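S.K.: Have a look; sequence and predicted model below, questions after that.
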Amino acid sequence: MCGIVGFTGTGEAAPVLLDGLKKLEYRGYDSAGIAVMNDSGINVSKVTGRIAGLCEKTDNGAKTPGTSGIGHTRWATHGAPTEENAHPHLSNDGKFAIVHNGIIENFSSLREELKSRGYVFESETDTEVIVHLIEMYYKGNVREALVKTTNRLRGSYALGVICTDEPGKIFAVRESSPLILGVGVGDNYFASDVTALVAYTRNAVYMEDGEYAELTNDTVKVYDCTGQELEKEVSRITWDVQAAEKGGYEHFMLKEIMEQPAALKATIEPRVRDGKIVFDELKDLPDVLKNIRKIVITACGSAYYAGCAGKYALESLGRIPVETELASELRYNNPLIDEHTLLIVISQSGETADTIAAMKESKSRGAHVLAIVNVVGSTIAKLADHTIYTWAGPEIAVATTKGYTTQLSVLYMLSIWFAQTLGTKDVDTGYYVNLLKSLPRLIQQSIDMNPSVSGLARKYHSNRSLFFIGRNTDYAVALEGALKMKEISYLHAESYAAGELKHGTIALIEEHQPVIAVCCNERLIEKTLSNIIEVKARGAKVLALTISGNKKIVPVADDLLFIPPVDELFSAAVEIVPLQLLAYYVAKENGCDIDKPKNLAKSVTVE
Ligand code: G6P
């Protein structure tokens with residue numbers, strides 16, 4: 001949801017800004033721009049569309065010389081993706097340029113006020129009010145002007161600012177939008193995400209809400225709103241440049257699908273000790289659990305579907321009631337959440353606005369919050385009472401794959417941990433720990449067992465509409481499988497609980513209608529099989545995903561995808577893999593922009 005980047009150093013700024021924007025392009029990609037400062041002032045260059053266009057327009061930065069600057073890649077919220085609405089925006093006096101990630105909720109009253117004071121607006125964006133406010137409040141000290149400006153703003157913002165009176169300096173502010181400073185040698189940086197920094201430095205300073213930074217080529221200073229300089233810890237980014245690059249794969253999505261065995265290993269292995277699940281992150285949670293009566297899982301998109309699948313394991317092994325609620329719904333529900341509720345918040349990015357709001361609402365009602373997050377230092381990770389990182393490494397493709405399966409693996413681990421901690425009767429935790437440890441291998445097998453998936457994609461890609469069906473955990477997988485298909489291939493894909501078809505949806509089944517039947521849960525294979533037969537009788541073409549060796553489905557289905565046999569409680573992480581591959585190859589057949597699907601963004605920081 002928009003990416004910002006800033007550079008000040010001894011070398012040229014534009015190539016670094018363009019390179020950083022390429023790394024951030026997954027956050028939004030409908031327009032882009034840079035502003036570079038040199039002795040003759042600020043030089044702005046903008047394009048609609050992708051960073052590649054900006055590279056072309058600036059001759060890879062050669063046309064915008066200067067050693068400090070800011071850049072932006074946009075996911076439009078206020079105003080169409082035009083060049084006028086693209087960032088950076090300039091003040092009327094030309095002294096300031098700014099880039100912004102976030103939303104200014106009170107922009108329209110500020111816009112009216114600024115217009116009445118004579119400021120001229122060039123764009124329809126909420127952002128432009130910020131640069132005019134800075135100009136209005138500027139009396140020779142940029143930081144003071146920024147504090148006065150941000151006091152007037154409601155909403156979320158990570159801001160990057162340059163000013164012609166301060167050559168070689170870049171300014172940054174954070175409020176409810178991610179912002180990280182990169183500390184180099186003779187060069188300093190800021191960015192929305194560490195992926196834009198790792199090629200230049202592994203030393204990072206995570207900014208907190210309400211903090212203001214001033215960077216020159218050899219100093220990095222952070223202040224609070226009173227002007228007090230803060231001592232900030234410099235953290236080491238633990239992964240390298242290759243982790244954020246395609247490594248020979250055509251798309252990040254395919255690379256990330258293939259990385260899942262390794263990603264799950266990284267999530268699981270450090271937390272299994274002596275045949276037990278050990279969460280160092282949850283030291284005082286056992287005491288809290290004594291007062292917990294229920295768990296509520298909240299999240300958005302795939303993270304929510306991970307919660308839907310994980311609920312089965314948590315209830316079965318922990319024997320605690322688990323509710324799942326979409327974050328965008330929970331926040332307006334007057335939810336039955338109190339100090340006896342453990343809220344599990346799931347988010348790859350840790351920055352999803354609805355999830356943050358649901359979490360704050362639940363906290364205000366007394367809930368204890370446990371977050372499952374991938375991005376270190378993200379807002380959700382910081383706000384939660386406890387955070388379990390998934391350690392999946394950077395996920396760049398907009399459609400999540402390893403993010404989802406590592407979230408599932410944490411939920412599985414939690415379910416065993418609950419059984420251990422609460423002493424749930426009749427649960428052989430050792431059996432489940434072994435099952436958990438086998439997941440990376442089973443996922444690898446489920447990749448290897450489906451060499452025909454690209455061929456199947458050729459068979460199914462031209463259908464405009466697909467149904468996904470399944471029961472229990474298979475249904476949870478059908479939900480995520482259909483979402484993957486919609487997100488990247490733009491086919492209409494709908495998931496239904498298989499037993500629910502006959503209550504209406506079966507009316508839509510006609511000759512050649514593709515139905516993807518998820519049928520891996522051994523306990524329920526016969527039940528789902530009868531639903532497959534029902535749709536087949538009405539002419540449907542059935543692609544069944546099932547366990548290898550399942551002889552019952554083979555003669556009935558038109559086409560087959562396989563996974564190795566796996567206990568139903570932890571099977572979703574294995575089942576989803578062929579469906580991820582199917583969505584990937586269907587999208588490829590249809591010529592879609594797989595890593596950057598239209599209208600989507602990886603991190604949705606607006607409501
Ligand atoms: C966006 C992405 C989805 C993702 C959802 C939640 O909609 O396109 O792929 O599942 O946000 O993101 P989070 O970072 O909170 O897991």
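M.R.: Sure thing, it's come through.
S.K.: How many neighbouring residues does the residue of the stretch 51-200 of the chain found nearest the ligand have?
M.R.: Nearest to the ligand, among the residues of the stretch 51-200 of the chain, is residue 75, at 10.7 Å (C-beta to the nearest ligand atom). (C-beta placed from N, C-alpha, C; glycine too.) Neighbouring residues of residue 75 were enumerated by other C-beta atoms under 10 Å; the total is 22.
S.K.: Quick one, grab the pLDDT at it.
M.R.: Reading off the confidence values, residue 75 has pLDDT 78.
S.K.: Wait, it touches residue 602, no?
M.R.: No. Using C-beta atoms under 8 Å, residue 75 is not in contact with residue 602, being 9.3 Å away.
S.K.: Now do the same contact list for the residue of the stretch 51-200 of the chain closest to the ligand.
M.R.: Residues in contact with residue 75 (C-beta atoms under 8 Å, 6 or more residues apart in numbering) are 1, 2, 27, 28, 29, 30, 601.
S.K.: was I right about the fifth one contacting residue 52?
M.R.: No. Here residue 29 does not reach residue 52: they are 10.1 Å apart, not a contact under C-beta under 8 Å.
S.K.: of these two, who's got more company?
M.R.: Set side by side, residue 29 and residue 52 show unequal neighbour counts under other C-beta under 10 Å, the larger going to residue 29 at 26 against 13.
S.K.: Now do the more buried one against the ligand, distance only.
M.R.: When distances are taken as C-beta to the nearest ligand atom, to the nearest Å, residue 29 and the ligand turn out to be 13 Å apart.
S.K.: In what element of secondary structure is that residue found?
M.R.: When elements are defined using DSSP states H and E, residue 29 is found to belong to no helix and no strand.
S.K.: Return the backbone torsion pair for the residue nearest in space to the middle of the chain.
M.R.: Computing the C-alpha centroid of the chain and ranking residues by C-alpha atoms, centre = their mean puts residue 349 first, at 3.9 Å. With angles defined as degrees, to the nearest 10, residue 349 shows backbone torsions of phi -80, psi -30.
S.K.: so the nearest residue to it once chain neighbours are set aside, which of the three states?
M.R.: Excluding the flanking residues, the one nearest residue 349 by C-beta to C-beta, 6 or more residues apart in numbering is residue 603, at 4.1 Å. Here residue 603 is coil, with the state taken from DSSP: H, G, I helix; E, B strand; the rest coil.
S.K.: any idea how far residue 603 lies from residue 195?
M.R.: Shown here: residue 603 relative to residue 195, a distance of 12 Å by C-beta to C-beta, to the nearest Å.
S.K.: next one: residue 109
M.R.: The spacing between residue 109 and residue 195, counted by C-beta to C-beta, is 36 Å.
S.K.: Is it correct that residue 478 is in contact with residue 520?
M.R.: No. In this structure, residue 478 sits apart from residue 520 without contact. The criterion is C-beta under 8 Å, and the distance is 10.7 Å.
S.K.: Contacts only, for the residue nearest to the centre of the chain.
M.R.: With contact taken as C-beta under 8 Å, 6+ apart, residue 349 is in contact with 373, 374, 375, 378, 602, 603.
S.K.: who's in contact with the second one?
M.R.: Contacts here follow C-beta under 8 Å, 6+ apart; on that basis residue 374 touches 347, 348, 349, 350, 389, 390, 391, 392, 395, 403, 406.
S.K.: what's the neighbour count on the residue nearest to residue 349?
M.R.: Around residue 603 there are 26 residues (other C-beta under 10 Å).
S.K.: Kindly report the same for residue 240.
M.R.: Residue neighbour count, defined by other C-beta under 10 Å, stands at 11 for residue 240.
S.K.: Got phi/psi on it?
M.R.: Per-residue torsions, residue 240: phi -110, psi -180 (degrees, to the nearest 10).
S.K.: do you know how far it is from the ligand?
M.R.: Using C-beta to the nearest ligand atom, residue 240 is found at 23 Å from the ligand.
S.K.: and the closest residue to residue 560 other than its chain neighbours, what element?
M.R.: For residue 560, ignoring the flanking residues on the chain, the nearest one in space by C-beta to C-beta, 6+ apart is residue 544 at 5.6 Å. Here residue 544 sits within strand 541-547, counting by DSSP H and E.
S.K.: go on, residue 296?
M.R.: With DSSP H and E as the test, residue 296 turns up in strand 294-299.
S.K.: Point me to the residue of the chain nearest the ligand.
M.R.: Per C-beta to the nearest ligand atom, the residue of the chain with the smallest distance to the ligand is residue 301, at 2.7 Å.
S.K.: So, low pLDDT: which residues of the protein?
M.R.: Within the chain, the segments meeting pLDDT under 70 span 1, 606-607.
S.K.: The same query, at a cut-off of 80, please.
M.R.: In the predicted model of the chain, residues 1, 26-29, 75-79, 238-248, 599-607 satisfy pLDDT under 80.
S.K.: Point out the residues in it that sit beside the ligand.
M.R.: The chain has residues 300-303, 347-349, 352, 355, 398-400, 600, 602-604 near the ligand, with proximity defined as C-beta under 6 Å from any ligand atom.
S.K.: Tell me which two of those sit farthest apart.
M.R.: With distances taken as C-beta to C-beta, the most widely separated pair in the residues of the chain next to the ligand is 355 and 399, at 17.7 Å.
S.K.: Run me through the strand neighbours of the helix or strand that contains residue 324, direction for each.
M.R.: According to DSSP H and E, residue 324 maps onto strand 322-326. Sheet pairing for strand 322-326, assigned by DSSP bridges, gives strand 294-299 (parallel).
S.K.: what does whichever helix or strand comes after the strand it pairs with rub up against?
M.R.: Reading on from strand 294-299 to the C-terminus, the next helix or strand found by DSSP H and E is helix 301-313. When contacts are defined by C-beta under 8 Å, 6+ apart, helix 301-313 is touched by residues 297-299, 322, 324, 326-327, 344, 346-348, 352, 355, 399-400, 403-404, 407-408, 411-412, 414-415, 472-473, 476-477, 479-480, 483-484, 568-570, 572, 604.
S.K.: Out of the residues you listed, list just those in helices.
M.R.: 327, 355, 403-404, 407-408, 411-412, 414-415, 473, 476-477, 479-480, 483-484, 572 (DSSP state H).
S.K.: Correct me if wrong: residue 70 contacts residue 34.
M.R.: Yes. With contacts counted by C-beta under 8 Å, residue 70 reaches residue 34, the gap being 7.0 Å.
S.K.: intersection of neighbour lists for the two?
M.R.: Between them, residue 70 and residue 34 share the neighbouring residues 17, 88, with contact defined by C-beta under 8 Å, 6+ apart.
S.K.: can you pull the contacts of the closest residue in space to residue 135 that isn't next to it in sequence?
M.R.: Of all residues not flanking residue 135 in the chain, residue 91 sits nearest, at 3.9 Å (C-beta to C-beta, 6+ apart). Neighbour list for residue 91: 97, 131, 132, 134, 135 [criterion: C-beta under 8 Å, 6+ apart].
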